[in-house]
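Enquirer: can't give you the sequence, but here's the structure:
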């Protein structure tokens with residue numbers, strides 16, 4: 001038989017085999033966006049993305065259809081939303097009372113993400129798929145863990161004591177760990193220390209996107225300058241030098257410090273005022289738009305003496321937040337947000353095993369057997385390919401990673 005004829009026959013065999021391999025990789029590996037977005041795109045994800053929001057009453061109002069409409073906006077932007085609320089989750093073993101969901105003050109974030117029982121809390125958080133407040137959401141749970149973790153403290157957290165110039169203590173000596181806003185240690189320096197330490201965990205979980213929502217402002221101006229200084233630090237300085245794209249801050253506080261002339265009217269879309277938004281093809285964090293005597297307090301109280309943001313303020317926040325969330329998501333995915341990550345205890349992967357009981361085994365695994373050397377090699381190869389594909393160009397990368405190497409090796413053997 002002529003060599004050219006043999007090559008043609010081998011190619012006819014290899015092409016369908018490569019298609020089987022590609023199909024197997026796609027079905028048993030992680031789901032990636034079909035067309036990766038630009039890192040600076042504010043377009044929503046092309047597939048449903050699981051998001052969970054840690055909040056209390058202010059977040060509940062923001063999510064509600066009849067209030068801030070955040071749930072509807074997230075649904076319509078392709079996010080499958082779950083949430084935590086009062087009474088959610090495992091018992092708070094650090095505080096010794098109530099559940100971890102009851103405790104969402106700045107000092108409590110240490111317990112959630114860095115404390116001795118954080119693994120217990122986070123295991124439940126990442127697996128949660130239910131609603132714990134009322135809002136509209138997608139009906140189709142895409143399965144798997146939550147990819148986006150949004151968390152917010154309530155407005156009493158804006159009453160930060162101390163001085164912005166006070167030295168930030170190391171986490172080992174930070175007395176705010178596990179404490180609430182009634183603590184004498186609820187100071188701006190200690191709050192900075194809590195958030196700085198969170199990055200030690202966030203950098204180990206680049207398979208998750210962490211969205212920090214700053215605490216809403218209050219009407220009492222006593223500590224309002226500290227709240228402004230702290231939230232400006234979160235937006236502008238906290239992530240300085242952080243090399244990854246899996247953390248983003250939305251300044252909910254700042255958005256709520258200017259209105260449209262009355263607490264019942266917002267200034268969404270106006271050029272003046274305070275905003276955190278996508279504006280003129282760039283992120284705008286505008287903090288100099290309030291010209292009254294108290295520029296750092298809430299301008300959307302629900303009523304006299306009630307600092308929960310009202311509907312007008314929540315609607316403004318929704319309008320400004322969604323494009324920035326999409327931007328953060330696209331930046332994260334462009335930066336390899338689905339790559340294998342290293343935790344403090346072990347190396348973990350977002351790519352599931354083939355034999356986890358979640359569906360039919362891979363075609364090649366059925367051929368070779370789940371424990372064969374060939375199946376293991378193919379699984380490792382699949383993981384490597386899909387990890388690279390998550391950064392963009394999935395179809396092209398799969399073609400050159402699967403079809404081209406097989407063909408080249410076959411031609412090398414025949415020569």
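Expert: Received, thanks. Everything numeric in this text was worked out from a predicted model, so none of it was measured.
Enquirer: contact partners for the closest residue to residue 189 other than its chain neighbours?
Expert: Using C-beta to C-beta, 6 or more residues apart in numbering and skipping residues adjacent in sequence, the residue nearest residue 189 is residue 166, 3.9 Å away. From N, CA and C alone the C-beta is placed, and that goes for glycine too. Residue 166 sits next to 187, 188, 189 when contact means C-beta atoms under 8 Å, 6 or more residues apart in numbering.
Enquirer: looks to me like residue 166 is in a strand.
Expert: No. Using DSSP: H, G, I helix; E, B strand; the rest coil, the assignment for residue 166 is coil, not a strand.
Enquirer: could I get the pLDDT score of it?
Expert: With respect to pLDDT, residue 166 scores 98.
Enquirer: check the one 3 residues further on too.
Expert: pLDDT, the model's per-residue confidence, is 98 for residue 169.
Enquirer: and the nearest residue to it once chain neighbours are set aside, which of the three is it?
Expert: Spatially, and ignoring its direct neighbours in sequence, residue 169 is nearest to residue 193 (5.2 Å; C-beta to C-beta, 6+ apart). Classification of residue 193 by three-state DSSP places it in helix.
Enquirer: elements contacting the strand or helix carrying residue 316?
Expert: Element membership for residue 316 (DSSP states H and E) is helix 311-334. Counting contacts by 3 or more C-beta pairs under 8 Å, 6 or more residues apart in numbering; DSSP states H and E, helix 311-334 packs against helix 57-63, helix 70-76, strand 209-213, strand 247-250, helix 252-255, strand 275-278.
Enquirer: and these, which is most packed in?
Expert: For these, ranked by mean neighbour count under the definition mean count of other C-beta atoms under 10 Å, the leader is helix 252-255 at a mean of 28.
Enquirer: where's that helix relative to the chain centroid, distance-wise?
Expert: From the chain centre to the centre of helix 252-255 is a distance of 19 Å (C-alpha atoms, centre = their mean, to the nearest Å).
Enquirer: against which helices or strands is that helix packed?
Expert: Going by 3+ C-beta pairs under 8 Å, 6+ apart, helix 252-255 lies up against helix 224-236, strand 275-278, helix 311-334.
Enquirer: number of nearby residues for the nearest residue to residue 158 once chain neighbours are set aside?
Expert: Counting by C-beta to C-beta, 6+ apart, residue 227 is the residue found nearest to residue 158 once chain neighbours are left out, at 4.0 Å. Residues near residue 227, counting by other C-beta atoms under 10 Å, number 26.
Enquirer: and residue 227, how far from residue 120?
Expert: Distance, residue 227 to residue 120, using C-beta to C-beta, to the nearest Å: 32 Å.
Enquirer: equivalent analysis for residue 172, please.
Expert: 22 Å.
Enquirer: ok, those two, which is more surrounded?
Expert: Ranked by neighbour count (other C-beta under 10 Å), residue 172 and residue 120 place residue 120 first, with 15 against 8.
Enquirer: and that one, backbone torsions?
Expert: Dihedral pair for residue 120: phi -70, psi -50, per degrees, to the nearest 10.
Enquirer: who's in contact with it?
Expert: 90, 93.
Enquirer: measure it to residue 94 for me?
Expert: Residue 120 sits 10 Å away from residue 94, going by C-beta to C-beta.
Enquirer: could you report the neighbour count for residue 261?
Expert: 10.
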